[in-house]
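S.K.: No letters, just coordinates:
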């Protein structure tokens with residue numbers, strides 16, 4: 001599956017990894033659901049997704065904290081779509 005395919009799925013397949021589920025919810029506009037899932041992913045990838053969510057929320061300081069935990073450079077709101085695609089490409093390649 002590609003990031004574009006994930007972004008356009010009409011419903012959430014149960015077979016997706018938690019990381020992909022969080023990303024799907026992000027694209028679907030379900031910030032709270034995406035955040036709840038990301039909080040339970042205690043890996044660098046979970047931190048990276050968590051960072052994206054806080055940038056979307058408009059909480060850059062908290063996003064920067066999670067970028068640091070993910071060992072990734074901080075990104076800003078104008079990077080949200082590119083960042084989602086970048087993260088999705090890594091998640092879906094795993």
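M.R.: Received the coordinates, thanks. What you see is a predicted model; the values in this text were computed from it and never measured.
S.K.: From now on I want contacts and neighbour counts done on CA atoms only, so please keep to that.
M.R.: Will do.
S.K.: what residue is smack in the middle of the protein?
M.R.: residue 49 (3.3 Å; CA atoms, centre = their mean).
S.K.: Which stretches in the protein count as helices?
M.R.: With helices called from DSSP state H, the chain shows them at 3-8, 18-27, 31-39, 44-57, 60-70, 80-93.
S.K.: Counting by contacts, list what the fourth one packs against.
M.R.: Here helix 44-57 touches helix 18-27, helix 31-39, helix 60-70, helix 80-93, going by 3 or more CA pairs under 8 Å, 6 or more residues apart in numbering; DSSP states H and E.
S.K.: what sits up against it?
M.R.: 19, 22-23, 26, 31, 34-35, 38-41, 60, 62-67, 69-72, 75-77, 80, 83-84, 87 (CA atoms under 8 Å, 6 or more residues apart in numbering).
S.K.: what do you get for the first one?
M.R.: Outside helix 3-8, the residues that touch it by CA under 8 Å, 6+ apart are 20, 24, 27, 28, 85, 88, 89, 92.
S.K.: how close does the nearest residue to the third one once chain neighbours are set aside get to residue 74?
M.R.: Sequence neighbours aside, residue 7 is the residue nearest to residue 27 in space, at 5.9 Å (criterion: CA to CA, 6 or more residues apart in numbering). Distance, residue 7 to residue 74, by CA to CA, to the nearest Å: 23 Å.
S.K.: and residue 7, how many neighbours?
M.R.: Residue 7 has 18 neighbouring residues, counting by other CA atoms under 10 Å.
S.K.: what's the answer for residue 3, then?
M.R.: 20.
S.K.: Ok, residue 54 next?
M.R.: Residue 54, neighbours per other CA under 10 Å, totals 21.
S.K.: So for it, what's the pLDDT?
M.R.: Per-residue confidence (pLDDT) for residue 54: 97.
S.K.: same thing with the one 3 residues further on?
M.R.: Per-residue confidence at residue 57 stands at 94 (pLDDT).
S.K.: Residue 94 too?
M.R.: 81.
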